[in-house]
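A.B. asks: my questions concern the predicted model and sequence given below.
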There are 2 protein chains.
Amino acid sequence: MNVPLTPLMFLRRSVKLHPDKTAVVCGDRRFSYRQFSRRIHRLSRLLVSLGVKPGTVVAYLSRNGHRLLEAYYGVVQTGAIFLPLNVRLTAEDFRYILNHSEARLLLLEEEFLPLIGEVRGELPRLDRVLLLDGEPRLSWIHPIGYEQAIQERSPDPFPEAIQEEDSVAELFYTSGTTARPKGVMLTHRNLYLHALSVVFALHNRETDVQLHTIPLFHANGWGATHSITCVGGTHVMLRHFRPRTVLELIRNEGVTTLNLVPTMATLLLNSQAIPNYRHDSLRLIHLGGSSVPPEMVRQLEAAFGCECSCGYGLTETSPVLTVSLPKSHLREDGEARFRRAAMTGLELPGSEVRVIDRHGRDVAADGRTVGEIVARSNVVMKGYWKQPEETARVLKQGWFHTGDLATVDSEGYLMIVDRKKDIIVRGGENVSSIEIEKTLFAHPDVLECAVIAVPDPKWGESPKALVVPREGTELSEQALKQYCRQKLAAYKVPSSVELLTSLPKGGTGKIQKKALRERYLRNNGKGVPQGR
Amino acid sequence: MNVPLTPLMFLRRSVKLHPDKTAVVCGDRRFSYRQFSRRIHRLSRLLVSLGVKPGTVVAYLSRNGHRLLEAYYGVVQTGAIFLPLNVRLTAEDFRYILNHSEARLLLLEEEFLPLIGEVRGELPRLDRVLLLDGEPRLSWIHPIGYEQAIQERSPDPFPEAIQEEDSVAELFYTSGTTARPKGVMLTHRNLYLHALSVVFALHNRETDVQLHTIPLFHANGWGATHSITCVGGTHVMLRHFRPRTVLELIRNEGVTTLNLVPTMATLLLNSQAIPNYRHDSLRLIHLGGSSVPPEMVRQLEAAFGCECSCGYGLTETSPVLTVSLPKSHLREDGEARFRRAAMTGLELPGSEVRVIDRHGRDVAADGRTVGEIVARSNVVMKGYWKQPEETARVLKQGWFHTGDLATVDSEGYLMIVDRKKDIIVRGGENVSSIEIEKTLFAHPDVLECAVIAVPDPKWGESPKALVVPREGTELSEQALKQYCRQKLAAYKVPSSVELLTSLPKGGTGKIQKKALRERYLRNNGKGVPQGR
């Protein structure tokens, strides 16, 4: 028997087996799986009444909240394609994406009305805009708000319209580095098999209470949406990442698992409030989004008394490809274990991940030779929406080419060296920006840092470090250079260090090196006023 | 990207990530994943040299051992179909199955030569018979034995010939109850998705060391083959189920998980040797194959200090459909927890399991109303080999009809009442043989028991209990009837109880009620000499 794979199966099972269990906690609202599913069925009927058909693109512009989570099932079970937009983008980005995706419907939070308002005259394909919260007062907004509109529909099980597991369920536009954002098409099959991978790697169970720290528009919060629904766990929504809110929710809801990007981890670790909140329910903090210093793993495990793992992936891979799973025979302890846990990790069952040289051969598994990460897996996207050439550029000979550079050690653990575009080529030598960043991060007075390539008259490029010192410390460019000289090969020592009070960040809190590079490139490597 | 799902992916990953880890322990032989895979590649080349092509059926007749395990990958990666035969069958069964399946090749252990010898003149389609162990001396046996034959082939990775995930990988003939055995076709997709289900339900990890107590020819030992390979665990082979051998292997190999049928559990629990062997590596005993008394869960947990779960499935479902997973909100303890753990359980993610009445409607979830279990899942077989009518009889309107009767309680837990064919109809009342057996089993002096329907002049049918008392105890028919009267409704009390020294058992050690029914039917409900 062949039953189409779809994450909707997970919801159906959890509603059937755990109808009265809390599915979603969002502010002071709580929904059991039964209530959650009834809202989802109402939503599907509302969408159909507004003309949504299989294949229609339905866009959302919302921070993490229960209505956004409802869309992951309510939109998708009509056969439509769900497009969650990154709330950090500009009005111009939204204009481009809504037009390119040919979205017919946009559901958004009041907070984003001004942004969409700027471009609303330039969205010829968009039929309707619905407000998720607040009062629909503007003339170009559907006059009935979300809550009232869904209440008018029946909560009975909606007849699912999925025939093909390879049809597109979710569409995520990735922030382009040079070109326009590209729409990553994830199929029902991608999402189903990815969720099972994540459940395996993070050992999810029915007892899990996941705090959604990562915005769901980032490949549905690293896949946690479907893996938590799969096991019948509880989703706790987080609108804004604030350490105190995070600690409160961990204590109040008995949170067991959360995902963090390193920037979030730094914020949390710097909170003086950790000892004031119970957090013994936490069993796992999973790190990803950018490279993780081993020191950060140590600090998190010490502060929260729970396990830490790291993972790697891209929107194009649903996203998780590898996790720093332990190997029983290694029996590593202390520093060695932190280094291992901070690695890019091992491929998950069902995914083949290789590191290849430019001739397509596996690089030596020596932990030193650098190559590009490629993957062959059912978690790899179907392609980029309406961009067959871009798709063909990354899906070649049956492998997805990530554009990320890594080494692989004798145990098969991958270690990200850099994004291809982030690597610094200094007089012919490849210098990993990540390696320098990790070195700097291990300095007790460094709060955050980023290393980028800047033009260098002698070497072509040289590394420049941008460092945010911890409050109350006194750091100097000279002291940091001296520190790097003790820890790094001479050619890797930053040619310049600049102290800043903050770094530009993207949707997940990831540091935007692209913005930094542009800023310093325009000024030939010299600093510019911050905040530009 | 759509990559065909196949359990071969699991082997590939474990060989890549855990090449030096022990994959298989078999007697005093041990194979790392690298060694195991090299033997597998040699085997595939040997098979191809003997004319095996995609779609060819290759039969094995072997007890649990490393060569049988090798076939699960070595046969299948050539695109051929692997048919492991139940070693308990008769020569006539083998004749029927080998002819019906059109197997071209048979690999067998020396022990089974006499049986196959009896029918070897009646196997027109079989090209060749290969000996797995011992010296090939007989004229009708391939003159080169397995070990020598595979050593002559290259151990380099064999180019996998799987194009279609829906093609058949494994074929298992189920012992027919009335008719001829039927060949259950399991596809690559069935096996892949089933393994992930099992990994989820039994929480398998890389640290797992599985003792293969269940013969692998029973839907590959309840799917443990592929789930253990998936996580990179260790397979420990068990040729014959003997309590002392089991205890020795648990201690010597640090076994973490094993599967038992209730008969095996009884044997093990009766071993006086348990306290003499370390068994603290054990984390889970999984029970299945027939209904489990809660008392057995209690005894196993007490004796081994590990967790117990129960599961349910059929060869046609790869086999696991449900597992008695706990629910966090129930917080059951003591007897209530044992009762829960002994239940048929909850459907696993990706499987929909219902209990329906004869009109196809779900029965009331009251824990009392009986219906038939039906399932819709990717773990359900493709169909019966060359038996489209038989297939159509069980795969109807998108659901697989199991022929098993069960109730479902308000929490969604299934509880098997009986096989349709085992139910006793006494004067119009349905009496569950399982319920009576559980009652008898709770008696401290009962070692084993089975309850069957026998003809009754007044009631049409009535329940007859066949009981094996524990050694050194004194049980009487009267005492047991009296005991049942205290515990059961009057109409469920066996009309006769017979004390025996043993009960007939099938391949897994499951009691063969069919044989008992035949024995007593022929004698109009009266006893016959044992051993017939």
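C.D. replies: Happy to help now that I have it.
A.B. asks: nearest residue to A:V394 other than its sequence neighbours?
C.D. replies: A:H401 (5.1 Å; CB to CB, 6 or more residues apart in numbering or on different chains). No exception for glycine: its C-beta is placed from N, CA and C like everyone else's.
A.B. asks: wait, A:H188 touches A:D166, no?
C.D. replies: Yes - if you go by CB atoms under 8 Å, A:H188 and A:D166 touch, sitting 7.5 Å apart.
A.B. asks: comparing these two, which residue is more hemmed in?
C.D. replies: Higher neighbour count among A:H188 and A:D166: A:H188, with 23 against 13, using other CB atoms under 10 Å in any protein chain shown.
A.B. asks: grab the nearest non-local neighbour of the more buried one.
C.D. replies: A:H188 sits nearest to A:T6 (CB to CB, 6+ apart), 3.9 Å away.
A.B. asks: okay, that neighbour: pLDDT?
C.D. replies: A:T6 carries a pLDDT value of 97.
A.B. asks: what about it, helix or strand, and which?
C.D. replies: For A:T6, there is no enclosing helix or strand under DSSP states H and E.
A.B. asks: how many neighbours does it have?
C.D. replies: Using other CB under 10 Å, A:T6 has 24 other residues around it.
A.B. asks: how close does it sit to A:E164?
C.D. replies: 10 Å (CB to CB, to the nearest Å).
A.B. asks: what sits in contact with each of those two?
C.D. replies: Listed as contacting both A:T6 and A:E164 by CB atoms under 8 Å, 6 or more residues apart in numbering or on different chains are A:H188.
A.B. asks: for chain B, see how far away the residue nearest in space to the middle of chain A is.
C.D. replies: Nearest residue to the geometric centre of chain A (CA atoms, centre = their mean): A:H218, 4.2 Å. A:H218 sits 20 Å away from chain B, going by CB to the nearest CB, to the nearest Å.
A.B. asks: got the residue ranges for the strands in the stretch 151-300 of chain A?
C.D. replies: Under the criterion DSSP state E, counting those that start in this stretch, the stretch 151-300 of chain A contains strands at A:168-174, A:182-187, A:209-212, A:234-237, A:257-260, A:284-287.
A.B. asks: out of those strands, the one nearest chain B is which?
C.D. replies: For chain B, the closest of the strands of the stretch 151-300 of chain A is strand A:182-187, at 8.0 Å, according to CB to the nearest CB.
A.B. asks: in the stretch 51-200 of chain A, what residue comes closest to chain B?
C.D. replies: Nearest residue of the stretch 51-200 of chain A to chain B: A:L196, at 5.0 Å (CB to the nearest CB).
A.B. asks: residues in contact with that residue?
C.D. replies: A:S227, A:C230, A:G350, B:L196, B:F200, B:P349.
A.B. asks: pLDDT at the second one, what is it?
C.D. replies: Pointing back at A:C230 there. 98.
A.B. asks: quick one, what contacts it?
C.D. replies: So A:C230 contacts A:P7, A:F10, A:R13, A:S14, A:A195, A:L196, A:V199, A:N204, B:P349 (CB under 8 Å, 6+ apart).
A.B. asks: for it, which non-adjacent residue is spatially closest?
C.D. replies: A:F10 (4.1 Å).
A.B. asks: the one you found: which element?
C.D. replies: Counting by DSSP H and E, the element that carries A:F10 is helix A:8-17.
A.B. asks: how far is stretch A:202-215 from where the chain is centred?
C.D. replies: Stretch A:202-215 sits 15 Å away from the centroid of its parent chain (CA atoms, centre = their mean, to the nearest Å).
A.B. asks: now do it, average pLDDT.
C.D. replies: 97.
A.B. asks: dump the C-alpha coordinates for it into CSV.
C.D. replies: Coordinates of each C-alpha in stretch A:202-215 appear next as CSV, following Å, rounded to 0.1, in the frame of the first residue of the first chain:
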residue,chain,number,x,y,z
LEU,A,202,16.6,15.1,18.7
HIS,A,203,14.9,12.1,20.3
ASN,A,204,11.5,13.8,20.3
ARG,A,205,8.7,12.2,22.3
GLU,A,206,5.2,12.8,23.4
THR,A,207,6.4,14.5,26.5
ASP,A,208,8.2,17.2,24.6
VAL,A,209,7.3,20.9,25.1
GLN,A,210,9.0,22.9,22.4
LEU,A,211,9.6,26.6,22.8
HIS,A,212,9.5,28.1,19.2
THR,A,213,12.4,30.5,19.6
ILE,A,214,13.2,30.3,15.9
PRO,A,215,10.7,32.2,13.6
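A.B. asks: correct me if wrong: A:L284 contacts A:N204.
C.D. replies: No - judged on CB under 8 Å, A:L284 makes no contact with A:N204 at a distance of 9.1 Å.
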